[in-house]
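A.B. asks: fold the following.
(chains A, B, C and D)
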2 protein chains.
Amino acid sequence: MVETSQREDQQRAARARRKELLEAADRVVMRDGPGASMNAIAAEAGITKPILYRHFGDKGGLYRALAVRHTDALLDGLRAALDSPVPRRDRVEATLDTYLVAIETRPQVYRFLMHPADEEQPSEQGFDVGRHSAPLLRRLGEELAEVIAERVDLGPGGEQLARAWGHGIVGMMHAAGDWWLRERPFPRAELVRHLADLLWGRLAAAGDRLDGPGF
Amino acid sequence: MVETSQREDQQRAARARRKELLEAADRVVMRDGPGASMNAIAAEAGITKPILYRHFGDKGGLYRALAVRHTDALLDGLRAALDSPVPRRDRVEATLDTYLVAIETRPQVYRFLMHPADEEQPSEQGFDVGRHSAPLLRRLGEELAEVIAERVDLGPGGEQLARAWGHGIVGMMHAAGDWWLRERPFPRAELVRHLADLLWGRLAAAGDRLDGPGF
DNA sequence: ACACTCATGTTACCGCTAGTAACAAGTAGT
DNA sequence: ACTACTTGTTACTAGCGGTAACATGAGTGT
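C.D. replies: Residues are numbered from 1 along each chain as shown, chains lettered A, B, ... in the order given. Below is the predicted model of the structure:
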């Protein structure tokens, strides 16, 4: 008979319970979307709300715990792609593909991680106002795609390519700007130059480090 | 005495009223953040809730109308930068700069447009769980920045440059993936190739169209 | 055997939100 | 005067996140 302290047993049990609760929450969120209520999650787990709050503090805590799980899983895959022993260009493609496969095969997880505030079911309520108010980033992407398509010669199939680039470039600007705005690590002009450099192909032009396996 | 139909007067008045309401809503949202309540907005406008609902349908409608205003303003500036008669590289930089100036000088507008669901005031409530669960995109950006910094020789100041690139590339992948996932205009492999091409400097390598002013 | 501790679970509530129904009042047209 | 319409109100609903107070049951010290 093994002597296990009561404390250890309890902590183990608590961790197991927490895992069960997270799995129930996951089921509900994947079924009902990110707007799922704490009541619904508690019901799915077969318990009531205060228990959820004891385990996770508040809704944000539960959602963070959920997000960490999925994010860790995705990051593992990406790290593997980033470390695969192939030429640099192939590695870039492998990483992009890993990400895209992930969002393609589990779009609900993707929606939860990326757009945790969206709610669906407009339930046939057509509003006249703001119908054309697609979120800013989409509009920007489409506008830029148009400009690119009309001014740059991209060869056959160039329109779709321009759209991919338009959205991609806007996303780059957005994400880099968001990071820069929070941390302000250097003046604005420097970020402008860095991003323009990136678009201008410095990634391809940069040399490998001598000590690394090469990016 | 000019004969104006009552209908026209009323519509004009309704439009003016709507504009006033939008301005009041704007003040509240810029002051209290995107989580501002309809009650607060109505109070700021000196009226009560049902009037807001008659004008905008629901909260989403009001917020869409607000977003359209700001988005249009930003888009005008960007279009001007995109059309300025300077070399292509300078135009890219001007456009990036215009966007960054906008988010730098009016971060509250930016927050409203980009993160309309965030709420602040954590009010000193420290949660143990998930403290390290920075949203997925930030984690990805930081991870990629690390990989780039450690494997690519970027010269002096390379670490900050790597971070800008890391976040930028992740944002590109995210935005392009988001668009592609909604529209599925071509197979995944094609998007992978397009994005890798973009990172590989095809934007700089592409020739100008013969009929346009050059991108 | 008994009290103590402590985690697990409940019911019943609070304050707040988005959204709505019902009603009052002013104003123009007939 | 009667109708039609807009503007405004008060008073309500249902549901949300979150919490206080209480019940219960298992292991531990005396």
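A.B. asks: middle-most residue in chain A, spatially?
C.D. replies: Nearest to the geometric centre of chain A sits residue A:114, at 4.6 Å (CA atoms, centre = their mean).
A.B. asks: quick one: residues contacting that residue.
C.D. replies: B:136, B:137, B:174, B:178 (CB atoms under 8 Å, 6 or more residues apart in numbering or on different chains). The C-beta positions use only the backbone N, C-alpha and C, and glycine is treated the same way.
A.B. asks: which one (most neighbours) among those residues?
C.D. replies: Neighbour count (other CB atoms under 10 Å in any protein chain shown) singles out residue B:174 as the most crowded of the contacts of residue A:114, with 25 neighbours.
A.B. asks: surely that one is in contact with residue A:170?
C.D. replies: No - the criterion here is CB atoms under 8 Å, and residue B:174 misses it with residue A:170 at 10.6 Å.
A.B. asks: contacts made by stretch A:41-51 with the rest, please.
C.D. replies: For stretch A:41-51, contacts defined as CB under 8 Å, 6+ apart pick out A:20, A:21, A:24, A:25, A:27, A:28, A:29, A:38, A:39, A:52, A:62.
A.B. asks: are any of these buried, and if so which?
C.D. replies: A:21, A:24, A:25, A:28, A:29, A:38, A:52, A:62 (16 or more other CB atoms under 10 Å in any protein chain shown).
A.B. asks: now these in a markdown table, with distance to residue A:151?
C.D. replies: As requested, those are exported to a markdown table (distance: CB to CB, whole Å):
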| residue | distance to residue A:151 |
| --- | --- |
| A:21 | 54 |
| A:24 | 53 |
| A:25 | 49 |
| A:28 | 48 |
| A:29 | 43 |
| A:38 | 51 |
| A:52 | 54 |
| A:62 | 48 |
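A.B. asks: buried stuff in the one helix or strand residue A:68 maps to?
C.D. replies: Per DSSP states H and E, residue A:68 falls inside helix A:59-83. By 16+ other CB under 10 Å, the buried positions in helix A:59-83 come out as A:60-71, A:74, A:78, A:81-82.
A.B. asks: quick check, nearest of these to chain B?
C.D. replies: Comparing the buried residues of helix A:59-83 against chain B with CB to the nearest CB places residue A:64 closest, at 3.1 Å.
A.B. asks: what score does that closest one have for pLDDT?
C.D. replies: With respect to pLDDT, residue A:64 has a value of 93.
A.B. asks: kindly report the same for the one 4 residues further on.
C.D. replies: pLDDT recorded at residue A:68 is 91.
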